[in-house]
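next one to model:
(one chain, ligands or ions: 1)
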Amino acid sequence: MSAVRLLSRSRLVAARSAVVPRVGAARAAGLSTAAARRPATAARVAAPSLAVPRRWASAAAAEVEAEEAPAAEEWPERVLPVLAPADKKRLARQRNIGISAHIDSGKTTLTERVLYYTGRTKDIHEVRGRDGVGAKMDSMELEREKGITIQSAATFADWNSYPPPNEWEEGAGAPEKEKYAFNIIDTPGHVDFTIEVERALRVLDGAVLVLCSVSGVQSQTITVDRQMRRYNVPRIAFVNKMDRAGANPFRVVDQLRNKLRMNAAAVQIPIGAESDFGGVIDLVRMKAIYNEGVKGNVVVEKDEIPAWLKELAEQKRAELIEHIAEADEALSDKFLMEEEITELDITQAMRRATIGLKFTPVFMGSAIKNTGVQSMLDGVCAYLPDPSQVPAEANDTTLPAHAPAVPIVPAAEAPLLGLAFKLEEGKYGQLTYMRVYQGELKRGSVIYNARTGKKVKVPRLVRMHADEMEDVESLGSGEICAMFGVECSSGDTFTDGTTPLSMTSMFVPDPVISLSIRPDGNETPNFSRALNRFKKEDPTFRVHVDAESQETIISGMGELHLDIYVERMKREYNVACVTGKPRVAFRETITASAPFEYTHKKQSGGAGQFARIKGYIEPMELDPDTGKDTQFVNSVVGTNIPNGYIPAVEKGFQEALDRGLLTGYNITGVRFVLEDGAAHAVDSSELAFRLAAMGAFREAFHKAQPVILEPIMTVEVVAPIEFQGSVIGAMNQRKGTVVDTEVRDDEFTLIAEVSLNDMFGYSSQLRGQTAGKGEFTMEYKQHSPVLPNVQKDMIDAFRKKQLERK
Ligand SMILES: Nc1nc2c(ncn2[C@@H]2O[C@H](COP(=O)(O)OP(=O)(O)OP(=O)(O)O)[C@@H](O)[C@H]2O)c(=O)[nH]1
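Sure thing, here's the model as predicted:
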């Protein structure tokens, strides 16, 4: 295997540019280009150096302490594998895609079509359909009942399509269609299940953003788009529901441009509209595409474009070329020079621009009317990247956190590196969904959990098809699969034990709502079993026991999120529960810095306790790299505090954060800087320093202008126009700030920012106000300080409760 020797990504770039000029010279000298690509130094690095000692796997279990970690000069030289031609070929026909959108845009309905057309299902079952079967992808009983998607389901499917445009040659005609392997994840649209969307985007290489042709860009579309940007996921858009009254795909394209600041353009135009919608015109090839046969399974392409659409097609084709040219230099040059632009120029530029996150092609159709779905699938093959084209990175767990991340090459020969991105407890035990990033995962092989260092044998490996499965012997890099009987937590990395690499973790938002929970009747082991399982499956679901009331408190992303878990406790674990009133997850923070100098001293016969610490606390913003907004900084110079006591100070600080001093809620956004102190040879202990840190924090916190923060939500209401006045009135009553309103035909959309604390009971109010016709979604925006009078009331109420307890 040829190899490129590297230390960091910048060196990778440098190495690549250093190699390029040598290729021509090598050819002239009769050498293979592979040999020429290998820099001189790498020639001495034999392939086995890819393997690192087995002990690294267990070393990875522990976080590397800064002082233990090797200095930068000692960081190991990195040898990156180069993709073998066989890997490249296989990966070029692999697509890992997510289907994401605002609630009710038709993702599940669309996925049902995809499964049917790819031959995975024999029939189409509708969401909340009359046949009582329910959609294939909504396999959970609850999902089928409510007609919403709760858990994402991964599905494997094959699709025949043309090779991607980068493999075509000008003038050579269309190549034969080939088989692509798709992994599709149907993600939930409700904000309460945001973590499912986050997880899916983390492991997928591209996405289809589904929009409703009438409602266009909605609040959840904005959230999903933000998540896709966070993970650099290239996307194509699909404007669904083209059969609906008021359908207008070009308005949706405008919204993509204006509201999401996306460089987007339609690659199709509709043939007919609303109930007359009959097909689409492909603007690249200028062909009319219709669906015929059983449930639209036969795609008919006609060279003849209906005469009444010719002018619109020409105009929209020009607009498409202009927008791609904005994002692609090669096409832009041709465009400016007024040279002839061929079909291949457009498709190749569109692929480059889409993968480069500079352009979004917009497809359109109607999932329910079986129209336009196959063309969208061809678009996935043509314009979304294969797994080798998406940069992925891992951390070397033997190095400190600031060491450069290591680029991953999805080579089959490299050591195994896989990310367990989702857990599910099924009939046959725990099912762990894994994306293999490099190497190969084989049934029966032994793999290592990089976090715990534990090894485990893979007893069974399956490809998932919603809730059914297909056994496989092995899976290559870039693929998604599920394993049975592998104990782990969501987000764990698995390796073959020969690499110290671990995948970077995902963004987990903090919970915004909590409620107390207890079994209705005697407590059975199933109560804690269920809570433990949910906690492991879902990092946004938290459980703790309140120190004062001794109640079990569950927290999550919204009322629906917690309701679903309470319901699942009853259905899956036979534990009916009684819950308290939902409470908003307030937080406390500081708005100024404050110094501390604190001595903890106790002398009551025998060994005393002595610890003195000095330093300051200050406000801290969320660190986007670590996802943390609290930090302990050790700035001690000298030995006034012996090194061994420093971790105890940090522990005391962490403990102090757990229980706020104003109202008992968590403290966030604080940096604790330890500068100096004193110890006593006999009386100092870890306990004394821990207590000193807690005392110092208490003292400084009150001087640092503390405030209570509350979650502010973005609320989007859609309702018939006649209810606009009363809906706005109710929002004002709830002290909401109206951010935007939009009126469309007979419907309006209102976007407001409202404190979550003022949103309780809104769904029944809206239902009453709009005769059941209004809908709303709510999404967490940020934590903001409560009004001073509210803060005072909350502090008084907390104190009163504490006095009553005493
Ligand atoms: N008119 C029309 N209705 C559609 C179309 N596609 C889906 N629907 C309907 O829209 C509703 C929502 O569809 P789903 O497929 O459940 O939407 P979803 O985006 O998966 O919903 P969540 O998973 O709950 O976010 C259902 O009543 C569908 O029948 C379409 O192309 N045209």
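
quick check: E618 is in a strand.
Yes - membership of E618 in a strand is supported by DSSP: H, G, I helix; E, B strand; the rest coil.

who is it paired with across the strands?
R671 (DSSP bridges).

what does C481 give?
Listed beta-bridge partners, C481: M434 (assigned using DSSP bridges).

surely it meets L475?
Yes - between C481 and L475 a contact is recorded at 4.7 Å, counting by CB atoms under 8 Å. Backbone N, C-alpha and C define where each C-beta goes, glycine included.

what do those two both touch?
Residues touching both C481 and L475 (CB atoms under 8 Å, 6 or more residues apart in numbering): V436, L441, L461, R463.

in the stretch 201-350 of the chain, which residue sits nearest the ligand?
Here the stretch 201-350 of the chain gets closest to the ligand at one residue, K241, 3.7 Å apart by CB to the nearest ligand atom.

list the buried residues in stretch 797-806.
F798 (16 or more other CB atoms under 10 Å).

show residues contacting that stretch.
So stretch 797-806 is contacted by E548, L662, T663, G664 (CB under 8 Å, 6+ apart).

so for these, which is the shakiest by pLDDT?
Here the lowest pLDDT out of the contacts of stretch 797-806 sits on E548, with 70.

surely that residue is within a strand?
No - assignment of E548 by three-state DSSP gives coil, placing it outside any strand.

gap between it and T741?
From E548 across to T741, the span is 44 Å (CB to CB, to the nearest Å).

quick one: which of the two has more around it?
When E548 and T741 are compared for neighbours, T741 comes out ahead with 14 against 10, by other CB atoms under 10 Å.

show me the contacts for that one.
For T741, the residues meeting the contact criterion (CB under 8 Å, 6+ apart) are Q724, I728, F748, T749, L750, I751.

so in this protein, where's the weakest helix or strand by average pLDDT?
One helix or strand of the chain scores below all others by mean pLDDT, DSSP states H and E: helix 40-43, with a mean of 25.

can you pick the most crowded of the contacts of stretch 797-806?
In those, the most neighbours by other CB under 10 Å go to T663, 20 neighbours.

backbone dihedrals for it, please?
In terms of degrees, to the nearest 10, the main-chain angles of T663 are phi -140, psi 0.

report pLDDT for the residue nearest to it when sequence neighbours are not counted.
Nearest non-adjacent residue to T663, counting by CB to CB, 6 or more residues apart in numbering: F798, 4.4 Å away. Residue-level confidence at F798 comes out at 91, pLDDT.

okay, buried residues for stretch 730-745 please.
In terms of neighbour count (16+ other CB under 10 Å), stretch 730-745 has its buried residues at A730, M731, R734, G736.

mind checking which of those are in strands?
Here DSSP state E is the test, and the buried residues of stretch 730-745 give no hits in strands at all.

and which of these is nearest to A414?
G736 (52.6 Å; CB to CB).

how close does that closest one get to the ligand?
24 Å (CB to the nearest ligand atom, to the nearest Å).

in contact with that residue, which residues?
V715, A752, E753, V754, D758.

is it true that G365 touches Q374?
No - G365 is beyond contact range of Q374, at 9.0 Å (criterion: CB under 8 Å).

who has more neighbours, the two?
G365 (32 against 22).

find the residue closest to that one in space, skipping its chain neighbours.
Using CB to CB, 6+ apart, the closest residue to G365 is G372 (2.0 Å).

how many residues are close by the one you found?
Quick note: G372 (other CB under 10 Å) scores 29 neighbours.

per-residue pLDDT, it?
96.

residues contacting it?
G372 neighbours (CB under 8 Å, 6+ apart): F238, M242, Q268, G279, V280, I289, N291, F363, M364, G365, S366.

same check, this time on I97
So I97 contacts F182, N183, I184, I185, L204, D205, G206, A207, V208, V380, L384 (CB under 8 Å, 6+ apart).

who wins for neighbours among those residues?
Counting neighbours by other CB under 10 Å, I184 comes out on top of these with 31 neighbours.

which strand residues bridge it?
When bridges are called by DSSP bridges, I184 pairs up with I97, T155.

do you know the pLDDT at it?
pLDDT for I184: 86.

and the gap between the residue nearest to E548 when sequence neighbours are not counted and N449?
Closest residue to E548 apart from its sequence neighbours, by CB to CB, 6+ apart: R805 at 6.5 Å. In this view, R805 and N449 are 43 Å apart by CB to CB.

thought D510 was touching F586?
No - using CB under 8 Å as the test, D510 is too far from F586 to be in contact (11.6 Å).

out of these two, which sits in the busier spot?
F586 (23 against 18).

mind listing what that one touches?
The contact partners of F586, taken as CB under 8 Å, 6+ apart, are T663, Y665, I708, L709, E710, V786, M794.

so where is the stretch 1-150 of the chain shaky, pLDDT-wise?
1-76, 122-150 (pLDDT under 70).

wait, doesn't S332 sit right on E326?
Yes - S332 lies in contact with E326 (CB under 8 Å); the separation is 7.0 Å.

show me what residue of the stretch 451-600 of the chain gets nearest to the ligand.
Closest point on the stretch 451-600 of the chain to the ligand, by CB to the nearest ligand atom, is L560, at 11.0 Å.

buried stuff in the one helix or strand that residue maps to?
If you go by DSSP states H and E, L560 is part of helix 559-573. By neighbour count with 16+ other CB under 10 Å, helix 559-573 contains the buried residues E559, L560, H561, L562, D563, I564, Y565, V566, R568, M569, E572, Y573.

which other helices and strands does that helix contact?
In terms of contacts (3 or more CB pairs under 8 Å, 6 or more residues apart in numbering; DSSP states H and E), helix 559-573 is packed against helix 141-146, strand 513-519, helix 525-537, strand 552-556, strand 577-579.

which one of the ones you listed is the most hemmed in?
Most buried of the helices and strands packed on helix 559-573, by mean neighbour count (mean count of other CB atoms under 10 Å): strand 552-556, with a mean of 21.

mean confidence (pLDDT) on that strand, please.
Mean pLDDT, computed over strand 552-556, is 92.

show me what that strand is packed up against.
Using 3+ CB pairs under 8 Å, 6+ apart: strand 552-556 touches strand 513-519, strand 542-545, helix 559-573.

could you redo the last one with a cut-off of 6 Å?
Judged by 3 or more CB pairs under 6 Å, 6 or more residues apart in numbering; DSSP states H and E, the packing partners of strand 552-556 are strand 513-519, strand 542-545.

tell me which of those strands lies nearest to T777.
Closest approach to T777 among these is made by strand 513-519 (15.3 Å; CB to CB).

what strands line up against that closest one, and which way round?
strand 552-556 (antiparallel), strand 577-579 (antiparallel), strand 583-584 (antiparallel).

let's have those strands in a markdown table, adding distance to S275.
Formatted as a markdown table, the strands paired with strand 513-519 follow (distance: least, CB to CB, whole Å):
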| stretch | distance to S275 |
| --- | --- |
| strand 552-556 | 42 |
| strand 577-579 | 46 |
| strand 583-584 | 45 |
